[in-house]
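Enquirer: got a structure for you, letters missing:
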């Protein structure tokens, strides 16, 4: 199988790759949002804690 | 922290399995004799659909535990599951649509399976919105939990819809354990992807729950000590 055959997917390339691209995007976005929210919470909590000490 | 090392280990396992599953499903597995290469959407469509139901059951079970025994952790896991479940439901619907277009000739039909799965998406949205709308998070958890539990009635409807109603959506291929009508060369990557999706859910729900728990308990001593240590 050549690379162009692989991307062509027997004529269904558009449907197959859109599906996989969408899945990849949604899964990565979910994990990133969860990570960023956690970092942001830690950051603001740490700032608050520092203010309390000063 | 235990949660952090769990996230890393499950995350690594998830990535490895996903890589194997994708390679197997996209390259090694042969094309279907009826659907050609379009059937390869199955390797994300079916795991997403399974997860949309699985996550809902986890959410409803945790909601019940939270309602009955007032377990904070259960409440947190329940509400952290909702956005992930909604994502899987959306993926199942979107990839199904992208599969339906070349195979059925239409993006969407109002058949029983598709409609009940769409209802599941709205149930997830309802749970998220209800939780967000109430200020006191313990009250919010109870309200969203009741909605989640009532929505469980939709789960068997989704599962059996392809048997109860004769529709466009194809019948079950895998769950007939005695004789699954799918070849091993396609079944194995499908199951690998399903396990990878499950691990993904564990990773993200741990990350979300950890954050939600810290947010709720941010004024307590143990959270402040934890933050100062880091």
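Expert: Yes, it's here. Quick caveat, the model's predicted, so the values are computed rather than measured.
Enquirer: can you give me the neighbour number for residue B:206?
Expert: Applying other CB atoms under 10 Å in any protein chain shown, we find 20 residues neighbouring residue B:206. Backbone N, C-alpha and C define where each C-beta goes, glycine included.
Enquirer: which SSE is it in?
Expert: Assignment of secondary structure by DSSP states H and E places residue B:206 within helix B:184-216.
Enquirer: is chain A contacted by the very next helix or strand once past that helix?
Expert: Downstream of helix B:184-216, the next assigned helix or strand under DSSP H and E is helix B:221-229. Yes. Against chain A, helix B:221-229 shows contacts by CB under 8 Å from any CB of the partner chain at B:223-224, B:227-228.
Enquirer: which among these gets closest to chain A?
Expert: Taking CB to the nearest CB as the measure, chain A sits nearest to residue B:227 out of those, at 4.9 Å.
Enquirer: so where's chain B shaky on pLDDT?
Expert: Confidence mapping of chain B against pLDDT under 70 gives the ranges B:1-2, B:173-181, B:230.
Enquirer: who in it is up against chain A?
Expert: Taking CB under 8 Å from any CB as the measure of proximity, chain B contacts chain A at B:26-27, B:31, B:36-38, B:40-41, B:44-45, B:48, B:83-84, B:87, B:90-91, B:94-95, B:98-99, B:101-102, B:200, B:203-204, B:207-208, B:210-211, B:214-215, B:218, B:223-224, B:227-228, B:230.
Enquirer: and those residues, which are buried?
Expert: Burial by neighbour count, 16 or more other CB atoms under 10 Å in any protein chain shown: within these this picks out B:26, B:37-38, B:40-41, B:44-45, B:48, B:83-84, B:87, B:90-91, B:94-95, B:98-99, B:101-102, B:200, B:203-204, B:207-208, B:210-211, B:214, B:223-224, B:227.
Enquirer: run through the helices of chain A in chain order.
Expert: If DSSP state H is used as the criterion, the helices of chain A fall at A:3-8, A:13-53.
Enquirer: can you flag the weakest of these by average pLDDT?
Expert: Ranked on mean pLDDT, the bottom entry among the helices of chain A is helix A:3-8, at a mean of 82.
Enquirer: so is that helix next to chain B?
Expert: Yes. Applying CB under 8 Å from any CB, one finds helix A:3-8 touching chain B at residue A:6.
Enquirer: list the buried residues of that helix.
Expert: With burial defined by 16+ other CB under 10 Å, not one residue of helix A:3-8 is counted as buried.
Enquirer: quick one: contacts of it?
Expert: A:13, A:17, B:26-27 (CB atoms under 8 Å, 6 or more residues apart in numbering or on different chains).
Enquirer: repeat that for stretch B:126-140.
Expert: With CB under 8 Å, 6+ apart as the contact definition, stretch B:126-140 has outside contacts at B:59, B:75, B:79, B:82-83, B:86, B:141, B:143-144, B:147-148, B:151, B:216.
Enquirer: which of the residues you listed count as buried?
Expert: Buried residues within those, defined by neighbour count using 16+ other CB under 10 Å: B:59, B:75, B:79, B:82-83, B:86, B:141, B:144, B:147-148, B:151, B:216.
Enquirer: as CSV, those residues with secondary structure would be great.
Expert: What follows is the buried ones among the contacts of stretch B:126-140, written out as CSV (DSSP: H, G, I helix; E, B strand; the rest coil):
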residue, secondary structure
B:59, helix
B:75, helix
B:79, helix
B:82, helix
B:83, helix
B:86, helix
B:141, helix
B:144, helix
B:147, helix
B:148, helix
B:151, helix
B:216, helix
